[in-house]
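Participant: make a model of this:
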Amino acid sequence: MSTGSLAEFTAKASRQDPQQINESEFIGTPRQSQADRSQQQAKMRQQQPHQQEETPPNGCGCCECLLKFISIILIILTFPFSLCACIKIVQQYERAVIFRLGRIQGEPKGPGLFFIMPCIDKMQVMDLRTLTFDVPPQEILTKDSVTVAVDAVVYYRIFDPIRATVDIEDVHRATRLLAQTTLRNTLGTKTLHEVLAEREIIAQTMQEGLDTATDPWGVKVERVEVKDVRLPVQMQRAMAAEAEALREAKAKVIAAEGEQKASRALKEAADVIDESPAALQLRYLQTLNSIAAEKNSTILFPLPMEMLRGIKR
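Facilitator: Numbers count the residues shown, from 1 in each chain. You can find the predicted model right below:
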């Protein structure tokens with residue numbers, strides 16, 4: 001095969017697909033051996049990928065740049081929202097319990113600023129201040145079968161946020177319900193007189209019972225106060241009548257004691273006068289002095305005591 005024909009064949013093959021090359025072109029050159037044809041085909045296969053890489057399509061480059069630009073814009077626009085979702089702030093009186101994929105992450109967070117991982121972290125904030133709630137009026141039957149309505153107020157606080165979050169579903173609702181039942185159980189063992197007279201003892205008993213029951217929940221009951229004890233209307237009237245009778249009886253006793261003391265004093269005075277006639281005359285003169293001091297239109301002429309004694313005889 002001549003050098004000119006080989007160069008012409010190579011240029012033609014570079015412009016065509018190797019699969020489109022007709023086998024007859026190789027057959028048409030009788031001087032070309034089978035080994036030469038194999039070498040030429042290998043050279044064409046090596047030249048074709050280089051040509052394809054040198055001329056990339058323009059459409060793919062534009063799409064790639066457009067996608068990069070859109071991605072950058074989306075990142076810039078969503079960055080503030082992502083930052084807000086990651087940054088959390090709790091107050092001085094609060095603590096945040098963090099759950100990551102259902103498990104607690106260390107100790108409660110706070111106070112101040114901290115970071116969480118959106119979508120996999122869940123935060124629950126607990127208030128550590130002293131909280132209060134009113135116990136609704138409870139209709140209670142006392143030990144002496146008297147129905148009374150009693151209400152109270154409870155002061156409590158959370159000292160363990162993890163236990164208050166994990167060990168019970170709603171710690172505030174549970175504490176309220178427990179306070180109602182404790183009030184009923186405590187007053188059910190008291191008589192009406194004890195309920196009215198021993199409020200401080202009842203409050204202390206309730207506080208100790210509630211504190212013991214809520215300790216596993218991480219709750220400390222600091223104080224309990226009994227606000228009001230309301231009796232039925234009929235019982236109020238009966239108690240008012242009883243109190244009135246007691247007051248009247250006490251008044252009569254006091255009056256009787258006064259009369260008794262006065263009688264004793266008069267008896268002692270009479271005994272003294274009988275023993276000393278001069279004492280009666282002195283009393284007579286004192287009476288005349290007091291009468292004369294007043295401005296009376298009546299004129300009295302006192303008689304000597306000796307004359308009166310003569311008349312009596």
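
Participant: quick one: the helices in the stretch 201-313 of the chain, in order.
Facilitator: 233-275, 277-293, 305-312 (DSSP state H, counting those that start in this stretch).

Participant: helices and strands around the longest one, which ones?
Facilitator: By that I understand helix 233-275. helix 277-293 (3 or more Cβ pairs under 8 Å, 6 or more residues apart in numbering; DSSP states H and E). For glycine as for every other residue, the C-beta is placed from the backbone atoms N, C-alpha and C.

Participant: quick one: which of the helices of the stretch 201-313 of the chain is nearest R184?
Facilitator: Of all those, helix 233-275 sits nearest to R184, with 19.1 Å by Cβ to Cβ.

Participant: the closest one - what's its average pLDDT?
Facilitator: For helix 233-275, the mean per-residue pLDDT is 80.

Participant: any idea which of the helices of the stretch 201-313 of the chain gets closest to V219?
Facilitator: Among the helices of the stretch 201-313 of the chain, helix 233-275 comes nearest to V219, with 36.3 Å by Cβ to Cβ.

Participant: quick one, domains of this structure?
Facilitator: The record's domain split for the chain, according to automatic domain parsing, is 3-54, 63-129, 131-231, 246-312.

Participant: including mean neighbour count and distance to A238, could these go into JSON lines?
Facilitator: Listed next are those as JSON lines, based on neighbours: other Cβ atoms under 10 Å; distance: least, Cβ to Cβ, whole Å:
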{"stretch": "domain 3-54", "mean neighbour count": "11", "distance to A238": "110"}
{"stretch": "domain 63-129", "mean neighbour count": "13", "distance to A238": "45"}
{"stretch": "domain 131-231", "mean neighbour count": "17", "distance to A238": "9"}
{"stretch": "domain 246-312", "mean neighbour count": "10", "distance to A238": "13"}
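
Participant: so how far is stretch 238-247 from its chain's centroid?
Facilitator: 44 Å (Cα atoms, centre = their mean, to the nearest Å).

Participant: contacts for it, please.
Facilitator: Stretch 238-247 has contacts (Cβ atoms under 8 Å, 6 or more residues apart in numbering) with L231.

Participant: dump that stretch to CSV, restricted to CA.
Facilitator: C-alpha atoms of stretch 238-247 as CSV (Å, rounded to 0.1, in the frame of the first residue of the first chain):
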residue,chain,number,x,y,z
ALA,A,238,-78.6,26.4,113.7
MET,A,239,-75.1,27.5,114.6
ALA,A,240,-76.3,31.1,114.8
ALA,A,241,-79.1,30.1,117.1
GLU,A,242,-76.8,28.1,119.2
ALA,A,243,-74.3,30.9,119.5
GLU,A,244,-77.1,33.3,120.5
ALA,A,245,-78.3,30.9,123.2
LEU,A,246,-74.8,30.6,124.5
ARG,A,247,-74.4,34.4,124.6
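
Participant: still on that earlier bit, possible to save the domains of the chain as TSV with distance to R237?
Facilitator: Below are these laid out as TSV (distance: least, Cβ to Cβ, whole Å):
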stretch	distance to R237
domain 3-54	109
domain 63-129	45
domain 131-231	10
domain 246-312	15
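
Participant: rank those domains by pLDDT, which is bottom?
Facilitator: Sorting these by mean pLDDT places domain 3-54 lowest, at a mean of 52.

Participant: now do the residue nearest to the spatial centre of the chain against K261, distance only.
Facilitator: What sits nearest the mean C-alpha location of the chain, by Cα atoms, centre = their mean, is L131, with 5.0 Å. According to Cβ to Cβ, to the nearest Å, L131 and K261 sit 61 Å apart.

Participant: next up, phi/psi of the nearest residue to E222 once chain neighbours are set aside, please.
Facilitator: Distances taken as Cβ to Cβ, 6 or more residues apart in numbering put Y155 closest to E222, at 4.7 Å, once the chain neighbours are dropped. Dihedral angles of Y155 (phi, psi; degrees, to the nearest 10) stand at phi -110, psi 130.
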